[in-house]
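Fold the following and give me the result.
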Amino acid sequence: MRPSFGSKLMEYRQISDSYSVSGQILPEDIAAVKAAGFKSVICNRPDREQPGQPTADSVKAAALSAGLEFRYIPVVSGQITSENVIEQAAALEELQAPVFAYCRSGARCTNLYALIREMEE
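As a prediction, this is how the structure comes out:
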């Protein structure tokens, strides 16, 4: 069963046993993220990308309050850098799994994961 995010049911995609992605979440969604069994959250969406979007700090505060680890690795849409990939890989090594990553749609989080796997080959 997928957790309920905010006022609607938001789907997340399981990419591996220890990594799932979704679109933007709200601070109040953290309870559902924790209830789904995640131990850590990564935000790959830069603040102020869209008006009304919650800040990474607001989601971080909720995550830490819920006992989850949090990492902010902002990635500009369509402009993933090698530094972004290295930071994401380090976060996945350091954070408790399973990890829940989000951006606007989940695409950046998914692409980062694919680039990390390519780097490992």
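
can you tell me which residues contact the residue nearest to residue 76 when sequence neighbours are not counted?
The shortest distance from residue 76 to any non-neighbouring residue, by C-beta to C-beta, 6 or more residues apart in numbering, is to residue 46 (6.3 Å). Where you see a C-beta, it was placed from the backbone N, CA and C, and this is true even at glycine. Under the criterion of C-beta atoms under 8 Å, 6 or more residues apart in numbering, the contact list for residue 46 reads 74-76.

Could you verify that residue 46 is part of a helix?
No: inclusion of residue 46 in a helix is not indicated when DSSP: H, G, I helix; E, B strand; the rest coil is applied; the result is coil.

thinking again about what came up before, nearest to residue 41, of the contacts of residue 46?
Closest approach to residue 41 among those (C-beta to C-beta): residue 74, at 13.9 Å.

ok, residue 118 - how many residues close by?
When counting by other C-beta atoms under 10 Å, one arrives at 9 neighbours for residue 118.

what do you get for residue 83?
Close neighbours of residue 83, defined as other C-beta under 10 Å, add up to 10.

before we move on, which element is it in?
According to DSSP states H and E, residue 83 maps onto helix 82-94.

Show me what counts as buried in that helix.
84-85, 87-89, 91-92 (16 or more other C-beta atoms under 10 Å).

same deal with stretch 104-116?
By neighbour count on 16+ other C-beta under 10 Å, the buried set for stretch 104-116 is 104, 106, 108-113, 115-116.

For it, the averaged confidence score.
Regarding stretch 104-116, the rounded mean pLDDT is 96.

And the contacts of it?
Applying C-beta under 8 Å, 6+ apart, the contact partners of stretch 104-116 are 12-13, 15-16, 19, 21-24, 42, 44-45, 49-50, 75, 77, 80, 84-85, 88-89, 92, 101-103.
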